[in-house]
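A.B. asks: Sharing a model that was predicted from the sequence below.
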Amino acid sequence: MMERQKTEVDSSFMATLTTEQRNPKSMEVDALSVREILELINNEDKLVAEAVNKQIVNIELAVNYVVEALREGGRLIYAGAGTSGRLGILDATEIPPTFSADPNMVQGIIAGGMDALVRSIEGAEDYPDNGKKDIMEKNVTDKDVVFGIATSGRTPYVLGALEKSKELGAKTIFLSCNKVDETGIYADLIISPIVGPEVVTGSTRMKAGTATKLVLNMVTTTAMIKLGKVYGNLMVDLRAVNNKLVDRACRILNTVTGIELDAAKKLLTEAENNLKVAIVMQLGELDREQAISKLDEVNGVVRNAVDLS
């Protein structure tokens with residue numbers, strides 16, 4: 001068996017990273033009062049949204065990659081280590097309950113495996129071959145998008161995952177909170193919100209983690225909207241499979257169409273408990289089969305189906 005090759009830390013490189021610099025505003029943070037510390041952290045956090053805003057063009061491209069892949073039956077797969085990996089898996093696990101999405105649609109891998117979600121797995125991120133192996137185990141294809149997350153811009157596990165994904169024909173996206181030398185990064189697209197030094201030097205669970213969470217939320221939420229899982233600002237891709245969901249669906253029908261709750265329940269039954277179909281039936285004055293046909297024509301987007309009616 002071939003021995004895994006470990007990538008050694010380049011201390012001189014690490015010292016140049018913005019996220020590893022000392023923040024001049026927090027040099028005496030240990031001498032501040034609780035209120036002063038909180039205000040300092042809050043003021044630094046205000047810089048995060050601005051940094052993310054500067055990356056909107058690239059985030060838009062990322063959404064387009066993801067929407068195209070998901071429409072064609074592909075997947076979005078996050079790859080990260082430590083905080084970055086946990087945030088990717090967090091985002092992936094929130095998609096099915098939020099948008100009634102297939103759990104396979106958005107997934108995450110993390111250096112060290114699922115144990116790394118709850119404890120630090122020392123050294124797991126140092127082996128690019130680990131990232132390659134995990135990508136192979138996910139059976140990545142050219143239909144998928146692989147989204148690598150590495151605050152430093154050089155995490156070996158993530159770079160290995162991207163390299164193997166690119167080799168397999170997948171679209172690749174890379175997120176870093178430092179300026180990135182694109183050499184050796186197998187990414188079709190790089191997103192780099194530069195949030196600056198942390199209040200506690202090197203603690204990238206803070207501003208860098210917040211920036212990462214914002215970007216991932218933006219990508220998947222926008223993708224789900226474009227896939228037709230939202231009408232107005234309501235989550236309508238809902239199959240009412242229990243009493244709680246029937247009640248929620250009826251209330252949404254009432255909000256969207258104005259019909260009374262009893263009528264909404266009857267309509268939902270006629271739509272075989274499919275909320276999107278029920279909405280199109282009511283607003284388009286269609287029967288169930290016609291509503292389904294309209295939704296199929298427009299990739300499941302309720303607004304477009306209603307406009308066609």
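C.D. replies: In hand now; what should we look at?

A.B. asks: in the helix or strand where Leu47 lies, what's buried?
C.D. replies: Leu47 belongs to helix 34-53 when assigned by DSSP states H and E. By neighbour count on 16 or more other C-beta atoms under 10 Å, the buried set for helix 34-53 is Leu40, Ile41, Glu44, Leu47, Val48, Ala51, Val52. C-beta: built from backbone N, CA, C; applies to glycine.

A.B. asks: I'd like the residues you listed as TSV, with distance to Arg251 and pLDDT appended.
C.D. replies: As requested, the buried residues of helix 34-53 are exported to TSV (distance: C-beta to C-beta, whole Å; pLDDT from 0 to 100):
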residue	distance to Arg251	pLDDT
Leu40	43	97
Ile41	39	97
Glu44	40	97
Leu47	39	97
Val48	35	97
Ala51	38	97
Val52	33	98
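
A.B. asks: Export those to JSON lines and append columns for distance to Pro96.
C.D. replies: As requested, those are exported to JSON lines (distance: C-beta to C-beta, whole Å):
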{"residue": "Leu40", "distance to Pro96": "38"}
{"residue": "Ile41", "distance to Pro96": "33"}
{"residue": "Glu44", "distance to Pro96": "33"}
{"residue": "Leu47", "distance to Pro96": "33"}
{"residue": "Val48", "distance to Pro96": "27"}
{"residue": "Ala51", "distance to Pro96": "30"}
{"residue": "Val52", "distance to Pro96": "25"}
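
A.B. asks: End to end on stretch 136-153, go ahead and measure it.
C.D. replies: From its first residue to its last, stretch 136-153 covers 22 Å (C-alpha to C-alpha, to the nearest Å).

A.B. asks: ugh, wrong one, stretch 17-33
C.D. replies: In stretch 17-33, first residue to last residue: 29 Å (C-alpha to C-alpha).

A.B. asks: repeat for stretch 293-304
C.D. replies: End to end - C-alpha to C-alpha - stretch 293-304 spans 12 Å.

A.B. asks: Identify the residues contacting that stretch?
C.D. replies: Applying C-beta atoms under 8 Å, 6 or more residues apart in numbering, the external contacts of stretch 293-304 come out as 71, 226-229, 231, 236-237, 276-277, 279-280, 284, 286, 305-306, 308-309.

A.B. asks: hey, where'd the strands end up in the stretch 101-250 of the chain?
C.D. replies: All strands of the stretch 101-250 of the chain, identified by DSSP state E, counting those that start in this stretch, fall at 106-110, 145-149, 171-175, 189-191, 230-231, 234-235.

A.B. asks: With respect to Arg119, which of those lies nearest?
C.D. replies: strand 106-110 (11.7 Å; C-beta to C-beta).

A.B. asks: Convert that closest one to CSV, retaining C-alpha atoms only.
C.D. replies: Extracted in CSV, the C-alpha atoms of strand 106-110 (Å, rounded to 0.1, in the frame of the first residue of the first chain):
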residue,chain,number,x,y,z
VAL,A,106,-26.4,18.8,-1.3
GLN,A,107,-23.8,16.9,0.7
GLY,A,108,-20.6,17.6,2.6
ILE,A,109,-17.3,15.9,3.3
ILE,A,110,-14.9,16.8,6.1
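
A.B. asks: Given that strand, what are its sheet partners and their directions?
C.D. replies: Counting by DSSP bridges, the strands paired with strand 106-110 are strand 76-80 (parallel).

A.B. asks: hey, C-alpha coordinates of the partner strand in PDB?
C.D. replies: C-alpha atoms of strand 76-80 as PDB (Å, rounded to 0.1, in the frame of the first residue of the first chain):
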ATOM      1  CA  LEU A  76     -23.500  20.100  -4.800                       C
ATOM      2  CA  ILE A  77     -20.700  18.600  -2.600                       C
ATOM      3  CA  TYR A  78     -18.900  20.700   0.000                       C
ATOM      4  CA  ALA A  79     -15.400  19.800   1.000                       C
ATOM      5  CA  GLY A  80     -13.600  21.300   4.000                       C
END
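
A.B. asks: Name the residues of whatever helix or strand comes next after it that are buried.
C.D. replies: Going down the chain from strand 76-80, the next helix or strand is helix 82-99, by DSSP H and E. Buried residues in helix 82-99, counted by 16+ other C-beta under 10 Å: 82-89, 91-92, 94-95, 99.

A.B. asks: Need those residues in a markdown table (columns: pLDDT).
C.D. replies: Below are the buried residues of helix 82-99 laid out as a markdown table (pLDDT from 0 to 100):
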| residue | pLDDT |
| --- | --- |
| Gly82 | 93 |
| Thr83 | 93 |
| Ser84 | 95 |
| Gly85 | 96 |
| Arg86 | 96 |
| Leu87 | 97 |
| Gly88 | 98 |
| Ile89 | 97 |
| Asp91 | 97 |
| Ala92 | 97 |
| Glu94 | 94 |
| Ile95 | 94 |
| Phe99 | 90 |
